[in-house]
Every structure is written in C-alpha cells, then in structure tokens.
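> Would you be able to build a 3D model of this:
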Amino acid sequence: MSVSPPAAGVDAGLDAERIAAVAKALSEPLRVQILDVLRRSDEAVCQCELIALFEIKQSLLSHHMRKLTDAGLVAVERRHKWAYYSIPAEAFQELTAWLS
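Numbers count the residues shown, from 1 in each chain. Purely as a prediction, here's the structure:
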C-alpha cells in the first residue's frame, strides 16, 4: 500500500523557526497575560504598573519581558529609571496573520 502526502503539502512561505520562537515566548501564561494587557493599552505601560498589576517582583517581570522582547513581541523604551513596554505594530500584525 502506497501512502501519499496530504494534499495541503508544505507551505514554503511558512517561517516555522519564527513561529516556534514566538510560541516558546508565549509558553508561560503570565507572558500571555502581559501581552494581552499591552495589546489593550493605548500607550506604553510602565514596568511599575505591571509589577503592581501582577503582584510580582521586578526581577521576575524582567525575566518574562526579556523573553518577549527577544522574540520581537514587545518593544521597550527607557524613561529615566523605568522601562515602558508596548507591542510593535509589525509584531501584532504578524501574530494576527499567523493565527487567522
């Protein structure tokens, strides 16, 4: 019996490495929650607000934000001693395109 590949085949335009990196960055529920807060915010959100909202230590927030920024899902802007986070438009478009 001969088995043929699925009709859909492999999408040559699919950047599987990139999608895997994004999925890994979103593998922690807290990161998904942080990304959702940033998505719904009209302006960049201060790290101090995220620390208070999630009742976590600054070091833990920094760990999670590094994962999100390394994956290109979050942009960071330094203002004096505080970091402000937002979602770059291209990251939001990328996520939307992949999930639709």
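
> so where is this structure shaky, pLDDT-wise?
Regions of the chain meeting the criterion pLDDT under 70 cover residues 1.

> ranges for the helices of it?
16-25, 29-40, 47-54, 58-70, 89-99 (DSSP state H).

> For the first one, buried residues please.
Within helix 16-25, the residues that qualify as buried are 21-22, 25, counting by 16 or more other C-beta atoms under 10 Å. Every residue, glycine included, has its C-beta placed from N, CA and C.

> Let's see it as PDB, backbone CA atoms only.
Provided in PDB are the C-alpha atoms of helix 16-25 (Å, rounded to 0.1, in the frame of the first residue of the first chain):
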ATOM      1  CA  ALA A  16       8.400  27.700  11.100                       C
ATOM      2  CA  GLU A  17      11.500  28.800  13.100                       C
ATOM      3  CA  ARG A  18      10.000  32.200  13.800                       C
ATOM      4  CA  ILE A  19       6.600  30.800  14.700                       C
ATOM      5  CA  ALA A  20       8.300  28.300  17.100                       C
ATOM      6  CA  ALA A  21      10.300  31.100  18.700                       C
ATOM      7  CA  VAL A  22       7.000  33.100  19.200                       C
ATOM      8  CA  ALA A  23       5.200  30.100  20.600                       C
ATOM      9  CA  LYS A  24       8.100  29.400  23.000                       C
ATOM     10  CA  ALA A  25       7.900  33.000  24.200                       C
END
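
> what does it rub up against?
Contact partners of helix 16-25, identified using C-beta atoms under 8 Å, 6 or more residues apart in numbering, comprise 31, 67-68, 70-73, 94-95, 98.

> Please pick the buried ones from those residues.
Buried members of the contacts of helix 16-25, counted by 16+ other C-beta under 10 Å: 31, 67-68, 71, 73, 94-95.

> Can you tell me, leaving aside adjacent residues, what's nearest to the most centrally placed residue in the chain?
Most central in the chain under C-alpha atoms, centre = their mean is Leu73, positioned 3.7 Å from the mean C-alpha point. Closest residue to Leu73 apart from its sequence neighbours, by C-beta to C-beta, 6 or more residues apart in numbering: Ala91 at 5.0 Å.
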